[in-house]
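Novice: Sequence first, predicted coordinates after that:
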Amino acid sequence: MSEKSLAEEVFEIVREHHAFRSCSLNLIASENITSREVRRLLTCDMGHRYAVGFLYERMYRGCEYIDKLEELTHFLARKLFRVEHVNTLPVSGTVANIVAIGAFTRPGDTMMGLSVMDGGHSSFREVSRYHGVSMVPIPFNAEEYNIDVDQTRKMIAKVMPKMVMLGASELLFPQPVKEISETASNVGATVVYDAAHVLGLVAGGCFQDPLREGAEVVTGSTHKTFFGPQGGIILCKRQHGENIDRVALSMINNHHINRVAALAYTLAEFLAFGQEYSRMVVSNAQALAESLYNNGINVICADKGFTRSHQVIFRVEEGTALEVSKSLEKANIITSMTPLPTDKSEAMASGIRLGVQEVTRLGMGRDEMSLIGSLIARVVKSPDSTSDVKEEVKDLVGRFRSIHYTFSDNEPAYEWD
């Protein structure tokens, strides 16, 4: 096969991916789709360039318009999040966590964060190891599916951490930021809130407001409930800005300026449409959870209203979560498995995690969530039904082909090339 034909195969693979995703229910809780204008900005010439250094103090020449862009981006972010300082260097939420851990701890220090089994992101554990910091798990109340405040206060007083990382990857309910921040301040610990999953809900005022509740720093991903390009962001109080900027610049030499341009456009979209979008996301998540529950699926936290975020989590009763997620994929329902606090290990996960943010951006509402819940339940209960469900999924998504909550009307969601 010639080099040219191999190169053409790249395009064919991408076309096939687009075709598959365009007829699927994309319910991964950590994904979303961007508007066409955001995608256009991702292909601009700024993606070829470096901008090493601080705003208007670059090591390279040719950054006049990059400086203007970043100044506008930071203005938009400060306005949206009502924050004093913004750093957009991290190219992912994990990198944002790396910067935060590097800014507030030193090798040999102790930090606290939720374990992966209790919903914490793997970066809490892995980055702390990489940085030479001991991570003590935050006590978790599995029945409440939230942090155990009393036990956490006792643990903070005992281990005297330099940093407490709140937030999580499995995050159904607002966390007790205020209570934990009060205790952390008594031992001189900095509270950082990982809002990777809920950044859009925070921006839309539909979840919780960590910075007003006591956190000093918020890290986040810009591509989950916040429907921008894949990347990371750090929001903080002014007194931490210089420290965070210094650490970020020492770790990140090229922060992908085309991504920053796309982020700026998304910030403007969120200022215009974010509140409406976020409210719909939470409403849809609750409607999906109710439908699953009414169809006999063991959705966790039924006694607490299931969820107040974009996420819905259910426990697999028969088979494994891996098997169920594969059956759902055969029906063009894209999900991910997740460990639950009562599971023996990450590898033996019994949970399926769903997120409704992408289908919400396609314009789906509570009626569609009710249908989606029934489709998922059919596959979970009868894996042999995948072929029939797949056709119903294609019919459903075929009626929702445009992106909503943006400045242009009728933007095609998955078309490419």
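Specialist: Yep, that arrived.
Novice: distance between the one helix or strand Arg40 maps to and the chain's centre?
Specialist: Per DSSP states H and E: Arg40 is located in helix 36-42. Centroid separation between helix 36-42 and its chain, computed with C-alpha atoms, centre = their mean, to the nearest Å, is 20 Å.
Novice: from now on call the first residue 556
Specialist: Yep, numbering from 556; the last one is helix 591-597 now.
Novice: Pull out the CA atoms of stretch 849-865 and give them to me as PDB.
Specialist: C-alpha atoms of stretch 849-865 as PDB (Å, rounded to 0.1, in the frame of the first residue of the first chain):
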ATOM      1  CA  ASN A 849     -39.100   3.400  36.700                       C
ATOM      2  CA  ASN A 850     -37.900   0.800  34.200                       C
ATOM      3  CA  GLY A 851     -36.400  -1.300  36.900                       C
ATOM      4  CA  ILE A 852     -32.700  -0.200  36.800                       C
ATOM      5  CA  ASN A 853     -30.900   0.200  40.100                       C
ATOM      6  CA  VAL A 854     -30.000   3.900  39.900                       C
ATOM      7  CA  ILE A 855     -28.000   5.000  42.900                       C
ATOM      8  CA  CYS A 856     -29.200   7.700  45.300                       C
ATOM      9  CA  ALA A 857     -32.900   7.300  44.500                       C
ATOM     10  CA  ASP A 858     -33.700   8.500  48.000                       C
ATOM     11  CA  LYS A 859     -31.800  11.700  47.300                       C
ATOM     12  CA  GLY A 860     -33.300  12.500  43.900                       C
ATOM     13  CA  PHE A 861     -30.700  10.700  42.000                       C
ATOM     14  CA  THR A 862     -28.500  13.600  40.900                       C
ATOM     15  CA  ARG A 863     -28.000  17.400  40.900                       C
ATOM     16  CA  SER A 864     -25.400  17.300  38.200                       C
ATOM     17  CA  HIS A 865     -25.100  16.100  34.600                       C
END
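Novice: what sits up against the helix holding Arg595?
Specialist: Applying C-beta atoms under 8 Å, 6 or more residues apart in numbering, the contact partners of helix 591-597 are 589, 783-784, 813-814, 816-817, 820-821, 824, 958, 961-963, 966-967. (Glycine included, C-beta is placed from N, CA and C.)
Novice: of all the residues you listed, which two lie farthest apart?
Specialist: Arg814 and Pro967 (22.1 Å; C-beta to C-beta).
Novice: Comparing those two, which shows the higher neighbour count?
Specialist: Legend: neighbour count by other C-beta atoms under 10 Å for Arg814 and Pro967, higher for Arg814 (23 against 11).
Novice: isn't the more buried one right up against Gly787?
Specialist: No. Assessed by C-beta atoms under 8 Å, Arg814 is found out of contact with Gly787, at 9.7 Å.
Novice: for Ala840, what are its contacts?
Specialist: By C-beta under 8 Å, 6+ apart, the neighbours of Ala840 are Phe861, Thr862, Ser864, His865, Gln866, Val867, Gly910, Val911.
Novice: So what's the residue count around the residue nearest to Ser833 when sequence neighbours are not counted?
Specialist: Leaving aside its sequence neighbours, Ser833 sits nearest to Gly759 (C-beta to C-beta, 6 or more residues apart in numbering; 2.6 Å). When neighbours are counted by other C-beta under 10 Å, Gly759 registers 23.
Novice: do you know how far Gly759 is from Thr628?
Specialist: Gly759 sits 19 Å away from Thr628, going by C-beta to C-beta, to the nearest Å.
Novice: Now the helix holding Arg595: buried residues?
Specialist: By 16 or more other C-beta atoms under 10 Å, the buried positions in helix 591-597 come out as Glu592, Val593, Leu596, Leu597.
Novice: which residues touch the helix or strand just after it?
Specialist: Moving toward the C-terminus from helix 591-597, the next helix or strand (DSSP H and E) is strand 608-609. Residues outside strand 608-609 that contact it (C-beta under 8 Å, 6+ apart): Met614, Tyr615, Asp800, Leu804.
Novice: try stretch 950-960
Specialist: With C-beta under 8 Å, 6+ apart, stretch 950-960 has contacts from 577-580, 588, 590-591, 782, 824, 828-829, 831-832, 914, 916-919, 923, 926-927, 930, 964-969.
Novice: mind checking pLDDT for the closest residue to Leu631 other than its chain neighbours?
Specialist: Excluding the flanking residues, the one nearest Leu631 by C-beta to C-beta, 6+ apart is Leu822, at 3.8 Å. Looking at Leu822, its pLDDT reads 98.
Novice: Tell me if I'm right that Leu822 and Arg633 touch.
Specialist: No. Using C-beta under 8 Å, Leu822 is not in contact with Arg633; the gap is 9.7 Å.
Novice: higher neighbour count, those two?
Specialist: The neighbour comparison of Leu822 against Arg633 (other C-beta under 10 Å) goes to Leu822, with 28 against 15.
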